[in-house]
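**Q** One predicted model, sequence on top.
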Amino acid sequence: MLVVAVVAAAATCGTTPAPPARAPSATVAAPGTGPSGLTAGWKIQSSAVAGTSGAQISRPDYSTTGWLPIEQPGTVMAGLLENGRYPGIFYSDRLKTVPTDQFNVNWWYREQLTVHPRKEGRTFLIMNGVLGTADLWVNGTKVADRSRLQGAYSRLEYDITPYVRDGANAIALDVARNDPKRQLTDSLLDWNPPAPDHNTGLRFPPQLAQAGQISLRNVHVNQHNAKDLSASDLTVKADLRNDTTSAQRAALSQTITHGATHVALTTQVTVPAKSTRTVTLTPAAHPRLHIARPDVWWPYQLGGQPLYHLETTVRVNGQVSDRFAEDFGIRTVTSHLTRVVPGKTHAPHGYRQFVINGVPLVIRGGGWSPDMFMRYSPQNIRDQLSYVKNLGLNTLRIEGNLPPDDMFAQMDREGILAMTGWQCCTRWEDPSSNWPEALKANAADQASRVAEWLRNHPSVFTFLHGSDEAPDAAKESIFLSAFDAADWQTPQVASAEYKSSPRLGPAGVKEGPYNYVPPGYWWAKGPQTAGTDPTFTNAGSAWGFDTETSAGNTVPTQDSLNRFLTTTEQKQIWDLSSTNGPGTGPDLFHVYPTYNSYTKTARMGQYNTPLWNRYGHWSDMASYQKIAQMGGYEVTRAQFEAYIGHFKDPANPSTGVIYWMANKAWPSLHWNLYNYDFDQPGVYFGALKAGEPVHIMYDYADGSIKVANLTGAGQTGLTASARFIDLDGTVKSTDRTQVSDLASQDVRTVLTPAVPSGISRTYFLELTLTRQDKTVSRNVYWLSTKPDVVDWSKTLGAGSGAVFEPGGYADLTGLRDLAPAVVRVSASTRREGGDAVTTVTIRNAGNRPVPAVFTRADVRRGTAGGRALGGDDQVLPITWNDNDVTLWPGQSQTLTARYRASELRGGSAVVSVTGRNVPDATVPAGL
């Protein structure tokens, strides 16, 4: 029996050899159980301290006094932070204070191992991506050179059997600086400032694989599903590699299990010496691989997420030689370009439509970002995915920066789709003519690795082989050859822009805008000329498939701002003497003003100017917050609603939208639905409202009322109503209608009420969707008889925001004149397992017709007496069924929040309530 243990060597420094101190070892899986991640026992040190001798540093008796222990291999900055360097790195501009010259030299990554190999076994070291380049040393011998050992997703395997000793062993990597302009690597692009180390380090933990005479590689399942999903024919493949000098007779056993399904197959195979044999098991030869009535995997809003389990074992002479296991889901994904209607369709080739299990659906998601230093936490991802589902989104777009496999496994279980692809703006998108042959080989290796890694994850429904660009013929051939060899089965798309590649053809998707646009922008069609370029633009956005777009800045709540900005910095956000109007603004670090070449689009001025003109003036942060949160809510709600609402347009259907972005790598005021600290600003609750399973909405372009069904079941017995309400509370008109039956993914216009004459310049529209006496959806808009007017001739570029006509801002200033509302709040909390569930009932108790506008509840940590602790007492992460609600006298609404009970930190729950015209209040919530 071969036993491998990872040993955390004693913290020693210098170059004097000394026996490594022993520490409790982390057990690594025994031989024949597949690759084991080398996650524990690593240490890092600068070559300026440790020197450059890999032959010495990789000796098992090398002393590592002064080296920095790390929980698992990652980037250099992640390791420094783990060891207490640069505390509060994200507060204010502290990131700027990190000395960068320390990263101009190479850094060492070293691990100490205890190995007891058996005579007939082989030991392999698998490198899973390097951010930068690296030389690899094992026990004093150089095993790999940096000329090849590079690339974020390279999977390079080394037979280290000749170098492994019985007992102490050491691995050392000499890692040089990551350079996205020269290497095919990861970068966080223009999403935030670059990490001081440019993310230099190891992308994923290396693995140690021990096998007998035969090793298993490239094990996977292909599926051919009946169109109606009544049956699935599975094909199971495996590569059997013989590393010995003689032919080997092996027994290959494979089982597929799920519920009552149990398929067990055994095949005898002879593998010649020093060769690999691919074994393919098909339903024709093995009828049990024909699965009748399979349990089908669906996105979470449409059905369940059953996973089948594949277990593969190869035995030689009755002994387990190697083993492999993975989960997969049975589902079918296709895509096509929508029909071009002559003279009406804006895009020359139509739009990309994805179909899951025969169901066309609107892809609704956000762009995902890893942590700035590539740190990863499974719990953090669980919390983020809970937010995605809370928002009613069905997709995360992952542009490069692919996360560890755990995240894809979680997405499989949660039924959230993953839109994967290569990233933009770096070496990945250079023309292939600028790629030397070594880089092309590296690209082929990375493409093979990614395709083999992601192919059986049911959540991964597509792969984009370009972002801002499409691959040229040579580059496309590299990528497609790798994906074809891996038996990739879901759609591949040329680009995230409306571009084409020779074999994949038109992408059928677009990008932008990235800066402020009013709510009506998303519903308008814009100045398109059907079927012609270059007049085809992204302006008038809610048609087709937009792979990255939003209204730009996101203003965090006050709680969140206090966590990462000083008072002086916060003033720069709202003070117009700092923001200086559209397109300029302060060099506020957490806005990161030089995202791209679009005239410094990230600056606050371009965002604040429309708010100032639409909502009226503010005088301090408190008054600015009330406006900014409402402004973020309305534009984000409109963005998602418009893409849902135009889904059935016969000429220009909306087929998908990715909000840019879902999250950010650090605390940010730009491009996020939820902040790094899980803050939920107005944009979050605007998206949540639009993502209701069954939803009623307002079309800003034609004034119609639409109802959408985003569930997997039909909806019947619905009644829609619309009330126009004056600022003084007068109901000016009411319209009501029965809604005919709605199929899954259906959207329908149910009312087109006229705005009553004589209504106030700023007014409200309350929409309600009911079934008998139960409210299914309720949606309140604040509108103006003076609409926003966009100058479409100047609003064309993907990177621009809206350009308004002179004086063309909607007038929402009437909201300033609302009298204070009188609300009554009650709250209670109960335990459900490890969660706490707090319910908050808000009632407008006023005796005057004054609405309680944009009323928000937060759960806070409190004392036993039910008083808020003060300071940073907000409970996060947390999910709500609704928030930022508007109520008229006599109306009430119960909000429900769920969070980990441990987040109360031993205290009680307290609920705070704020609003546009609602006095701040705090009530005890029990527990």
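**A** Received, thanks.
**Q** Surely residue 836 forms part of a strand?
**A** Yes. Secondary structure assignment places residue 836 in a strand (DSSP: H, G, I helix; E, B strand; the rest coil).
**Q** wait, what's in contact with it?
**A** By CB atoms under 8 Å, 6 or more residues apart in numbering, the residues touching residue 836 are 829-830, 898-901, 903-904, 909, 927. In short, each C-beta sits where N, CA and C put it, glycine included.
**Q** Those in strands, which ones?
**A** Secondary structure from DSSP state E places 829-830, 898-900, 909 of these in strands.
**Q** Quick one, which of the residues you listed are buried?
**A** Buried residues within these, counting neighbours by 16 or more other CB atoms under 10 Å: 829, 898-899, 909.
**Q** and of those, the nearest to residue 510?
**A** Of all those, residue 510 sits closest to residue 898, with 36.3 Å by CB to CB.
**Q** and the gap between the closest residue to residue 191 other than its chain neighbours and residue 189?
**A** Excluding the flanking residues, the one nearest residue 191 by CB to CB, 6 or more residues apart in numbering is residue 369, at 5.7 Å. Between residue 369 and residue 189 the computed distance is 9 Å (CB to CB, to the nearest Å).
**Q** and if you look at residue 452?
**A** For residue 452, the distance to residue 189 - CB to CB - is 26 Å.
**Q** got it, and residue 653?
**A** Distance, residue 653 to residue 189, by CB to CB: 30 Å.
**Q** now residue 405
**A** As judged by CB to CB, residue 405 and residue 189 stand 23 Å apart.
**Q** Closest to the centroid, which residue in the protein?
**A** The geometric centre of the chain, computed from its C-alpha atoms, lies nearest to residue 368 (CA atoms, centre = their mean), at 2.7 Å.
**Q** and that residue, backbone torsions?
**A** As for residue 368, its main-chain torsions (degrees, to the nearest 10) stand at phi -100, psi 140.
**Q** just to revisit the earlier point, give me the more crowded residue out of residue 405 and residue 189.
**A** Between residue 405 and residue 189, residue 189 has the larger neighbour count (other CB atoms under 10 Å), namely 19 against 15.
**Q** could you list every residue that touches that one?
**A** 423-426.
**Q** want to try CSV for these, with pLDDT, neighbour count and distance to residue 114 as columns?
**A** Listed next are those as CSV, based on pLDDT from 0 to 100; neighbours: other CB atoms under 10 Å; distance: CB to CB, whole Å:
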residue, pLDDT, neighbour count, distance to residue 114
423, 95, 26, 39
424, 93, 22, 44
425, 91, 17, 44
426, 93, 20, 40
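**Q** With respect to residue 175, which of those is nearest?
**A** Ranked by distance to residue 175 (CB to CB), these are led by residue 426 at 18.7 Å.
**Q** So the closest one is in contact with residue 178, correct?
**A** No. The pair residue 426 and residue 178 does not pass the contact test of CB atoms under 8 Å, sitting 10.8 Å apart.
**Q** Between those two, which contacts overlap?
**A** Common contacts of residue 426 and residue 178, defined by CB under 8 Å, 6+ apart, comprise residue 185.
**Q** mind checking pLDDT for residue 7?
**A** You'll see residue 7 listed with a pLDDT of 29.
**Q** now residue 114
**A** Residue 114 carries a pLDDT value of 88.
**Q** State whether it and residue 168 are indeed in contact, as I suppose.
**A** Yes. Counting by CB under 8 Å, residue 168 is a contact partner of residue 114 at 6.1 Å.
**Q** now the buried ones among the ones in strands among the contacts of residue 836 as a markdown table including pLDDT and distance to residue 327?
**A** Listed next are those as a markdown table, based on pLDDT from 0 to 100; distance: CB to CB, whole Å:
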| residue | pLDDT | distance to residue 327 |
| --- | --- | --- |
| 829 | 97 | 36 |
| 898 | 98 | 27 |
| 899 | 98 | 29 |
| 909 | 96 | 37 |
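**Q** Redo the contacts of residue 836 as JSON lines? Include distance to residue 135.
**A** Formatted as JSON lines, the contacts of residue 836 follow (distance: CB to CB, whole Å):
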{"residue": "829", "distance to residue 135": "57"}
{"residue": "830", "distance to residue 135": "58"}
{"residue": "898", "distance to residue 135": "50"}
{"residue": "899", "distance to residue 135": "47"}
{"residue": "900", "distance to residue 135": "44"}
{"residue": "901", "distance to residue 135": "49"}
{"residue": "903", "distance to residue 135": "45"}
{"residue": "904", "distance to residue 135": "50"}
{"residue": "909", "distance to residue 135": "55"}
{"residue": "927", "distance to residue 135": "56"}
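**Q** farthest pair in the residues you listed?
**A** Put simply, by CB to CB the two of those set farthest apart are 830 and 903, 15.1 Å from each other.
**Q** Please point out which parts of the helix or strand residue 724 falls within sit buried.
**A** Take DSSP states H and E as the rule and residue 724 turns out to sit in strand 718-725. For strand 718-725, a neighbour-count test (16+ other CB under 10 Å) marks 718, 720-725 as buried.
**Q** Can you tell me what sits against that strand?
**A** Contacts of strand 718-725 with the rest of the structure, by CB under 8 Å, 6+ apart, involve 694, 696, 705, 707, 731-739, 742, 750-751, 753, 755-756, 759, 763-771, 776, 851, 888.
**Q** Quick one, which of those are buried?
**A** Buried members of the contacts of strand 718-725, scored by 16+ other CB under 10 Å, are 694, 696, 705, 707, 732, 739, 742, 750-751, 753, 759, 763-770, 776, 851, 888.
**Q** List the contacts of the residue nearest to residue 191.
**A** By CB under 8 Å, 6+ apart, the neighbours of residue 369 are 188, 191-192, 401, 661-665.
**Q** Make CSV from those residues and add secondary structure, pLDDT and distance to residue 713 to it.
**A** Below are the contacts of residue 369 laid out as CSV (DSSP: H, G, I helix; E, B strand; the rest coil; pLDDT from 0 to 100; distance: CB to CB, whole Å):
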residue, secondary structure, pLDDT, distance to residue 713
188, coil, 88, 40
191, coil, 88, 38
192, coil, 88, 41
401, coil, 96, 36
661, coil, 94, 31
662, coil, 97, 27
663, coil, 97, 31
664, coil, 95, 35
665, coil, 95, 38
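**Q** closest to residue 389 among those?
**A** Proximity of the contacts of residue 369 to residue 389 (CB to CB) peaks at residue 662, which lies at 12.1 Å.
**Q** gap between that closest one and residue 553?
**A** Going from residue 662 to residue 553 by CB to CB gives 15 Å.
**Q** And for residue 76?
**A** Here residue 76 is placed at a distance of 31 Å from residue 553 (CB to CB).
**Q** same question, residue 155
**A** For residue 155, the distance to residue 553 equals 39 Å [CB to CB].
**Q** Could you check which of these two is surrounded by more residues?
**A** A count of neighbours by other CB under 10 Å puts residue 553 above the other of residue 155 and residue 553, at 29 against 18.
**Q** Using the three-state scheme, assign the spatially closest residue to the more buried one that is not a sequence neighbour.
**A** Nearest residue to residue 553, sequence neighbours excluded (CB to CB, 6+ apart): residue 607, at 3.9 Å. Taken by three-state DSSP, the conformation at residue 607 corresponds to helix.
**Q** One more: the one 5 residues further on?
**A** In three-state terms, and counting by three-state DSSP, residue 612 is helix.
**Q** ok so, going back, pick out whichever of the buried residues of strand 718-725 sits closest to residue 342.
**A** Nearest member of these to residue 342, counting by CB to CB, is residue 720, at 34.5 Å.
**Q** so the closest one bridges to which residues?
**A** Beta bridges link residue 720 to residue 737, residue 769 when assigned by DSSP bridges.
**Q** so where is the chain shaky, pLDDT-wise?
**A** Counting by pLDDT under 70, the chain has low-confidence residues at 1-33, 526-540, 578-587, 592-603, 796-799.
**Q** Mind naming the longest helix for it?
**A** Among the segments of the chain that qualify as a helix by DSSP state H, the longest is helix 621-645.
**Q** Buried residues in it, which are they?
**A** Using 16+ other CB under 10 Å as the test for burial, helix 621-645 gives 621, 624-645.
**Q** for stretch 352-363, same thing?
**A** 352-354, 356-357, 360-363.
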